[in-house]
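> structural data only, the sequence is not supplied:
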């Protein structure tokens, strides 16, 4: 029986790979273009446009954040604000806090970057009702947190 399943799977896989209509992507998604000739302003605008898409879903948000986090840079405040607005549209407060945590982790080389970004996005945080990790007490180790009985 296992042999029959394996043979059937192999045949299906081969036929799927040889079909010509599968040469285009099955899922239509907007890619953020990256090229060596792209200016910083174009890069920022591409990411802001990506996070401002109305059809952005949870998966696309996480994919974009993962790709953005992979770059050797700290995102500009306008990119962070756009990502936070996308989290609010998707009703994902936890992801919004994770974005702020990742910005803090990326800005470890220069301690002045994270406070600057928080200062710049403070109106967005207040508008959306998003708390920073520090306001939630996530910046302290568990031993320092008070026990609530």
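Noted; the coordinates are in hand. Quantities reported herein were computed from a predicted structural model and do not represent experimental measurements. Numbering: from 1, shown residues only.
> roughly how far does residue 67 sit from residue 46?
Distance of residue 67 to residue 46, computed by C-beta to C-beta, to the nearest Å: 11 Å. C-beta coordinates here come from the backbone N, C-alpha and C atoms, glycine included.
> next: residue 88.
From residue 88 to residue 46 the distance is 21 Å (C-beta to C-beta).
> cool, and residue 37?
From residue 37 to residue 46 the distance is 13 Å (C-beta to C-beta).
> quick one, which of those two is more surrounded?
Neighbour count, other C-beta atoms under 10 Å: between residue 37 and residue 46, residue 46 has more, with 17 against 5.
> would you map the helices across this protein?
Under the criterion DSSP state H, the chain contains helices at 2-18, 40-51, 58-70, 77-89, 93-106, 113-128.
> and residue 139, which of these is closest to it?
Evaluated with C-beta to C-beta, the helices of the chain place helix 93-106 nearest to residue 139, the distance being 8.2 Å.
> list the buried residues of that closest one.
Buried residues in helix 93-106, counting neighbours by 16 or more other C-beta atoms under 10 Å, are found at 95, 96, 97, 99, 100, 102, 103, 104, 106.
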